[in-house]
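> Build me a model:
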Amino acid sequence: SARELAGRHYAEAKQQYELAQIIQEGLEKREHLHDEITFYFPEERLLEINLVPVFHSGDEFGGVLLVLQDVSAIRRLERMRSEFVANVSHELKTPIAAVKGFAETLLGGAVNDPDTAKAFLQIIYDESERLNRLIGNILELSKVESRRVPLQFSPVELSSFTEKTLELLASEASRKGILLDAAVEPGLYAEADEDRLRQIMMNLLSNGINYTPEGGRVTVKVDGDDDHIRIRISDTGIGIPKKDLPRIFERFYRVDKARSRSSGGTGLGLSIVKHLVELHKGTIAVDSTVGAGSTFTIELPVLQS
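Below you'll find the predicted structure:
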């Protein structure tokens, strides 16, 4: 404890070697020193160290003052911001390169061949749509993460809410021959932002449809008790490998990059879902088996505190 160490020589504190070295250097050089050191005990932390010499009157050296600041969280956020910028740049680069390449081919003479021109223009249109979706999702995630999304809470009757949500995705499911069904406990209500709750469910249902082979099934099951409601969205799709499960809610993380891009995914949907669930004071978890399907379980409070 601090009480046991006060008044004793710094070497007796048994701190790690780098810290003892910088103190020794400060005592010898008698000048300001600055460094960052990773400490591993009792937990991993990054500490910013400022060491300044202390002089009494008459330039008499009185020792050094050592100030330690835990900057682990700051550096982690800086790293996240840097990774986010790099990921956004990478994601934007792909559709922009495609649009530029096909436009150059058209300008080079392919525009004179009607079939080729139409095919290339369709690709340019599809890539610009993807670009639009990506930018929209980035802006949406930015708003949600910074909690600039004012939620309008009201009682939501979950049976009719679920039925209406499934209707919105019925045509998308029928194109792939996927059966959409629901089992909702009657008389269930929850205090929620209806638009945002629909956004959560539609995102998860769309994922289920996109990653389930033709002829599969996507199911919604809603039940609850006096305090919480549980929404389970299951599919009979390709599943998620166990090693990827802890990371699927990260921004831009894709399990199958090629398939995700070809299905129009931006890699931001699940991150947005997680933040919206947390804004509802809820939790989201996933259970999945490769080749058998996935189940996302959302638990929300019946009443918002």
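> centroid residue for the protein?
Note on the chain: the residue nearest the mean C-alpha position is E250, at 3.1 Å, using CA atoms, centre = their mean.
> tell me the strands in the stretch 101-250 of the chain, going along the chain?
Using DSSP state E, counting those that start in this stretch, the strands of the stretch 101-250 of the chain run over 154-157, 179-184, 189-192, 217-224, 228-235.
> Quick one: neighbours of E44, just the number.
9 (other CB atoms under 10 Å). C-beta here means a position set from N, CA and C on the backbone, and glycine is covered the same way.
> what does T212 give?
23.
> one step back: compare the strands of the stretch 101-250 of the chain and give me the one nearest L47.
Nearest to L47, of all those, is strand 228-235, at 40.7 Å by CB to CB.
> Okay, buried residues for that closest one please.
Neighbour counts over strand 228-235 (16 or more other CB atoms under 10 Å) mark I229, R230, I231, R232, I233, S234, D235 as buried.
> distance between that strand and the chain's centre?
20 Å (CA atoms, centre = their mean, to the nearest Å).
> Check which helices and strands it is in contact with.
helix 194-210, strand 217-224, strand 293-301 (3 or more CB pairs under 8 Å, 6 or more residues apart in numbering; DSSP states H and E).
> could you give the angle of the longest one to strand 217-224?
Here helix 194-210 points in a direction 150 degrees away from that of strand 217-224 (axes from the mean of the first three to the mean of the last three CA atoms, to 10 degrees).
> and helix 194-210, what other elements does it pack with?
Going by 3+ CB pairs under 8 Å, 6+ apart, helix 194-210 lies up against strand 154-157, helix 158-175, strand 217-224, strand 228-235, helix 269-279, strand 293-301.
> Can you point out the buried residues in it?
194, 196-210.
> okay, and for the protein, where does confidence drop off?
256-266 (pLDDT under 70).
> that older thread, can I get the helices and strands packed on strand 228-235 in a markdown table with distance to S160?
Listed next are those as a markdown table, based on distance: least, CB to CB, whole Å:
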| stretch | distance to S160 |
| --- | --- |
| helix 194-210 | 11 |
| strand 217-224 | 11 |
| strand 293-301 | 17 |
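> So for E185, which of those sits nearest?
Among the helices and strands packed on strand 228-235, if distance is taken as CB to CB, the winner is strand 217-224, at 4.5 Å.
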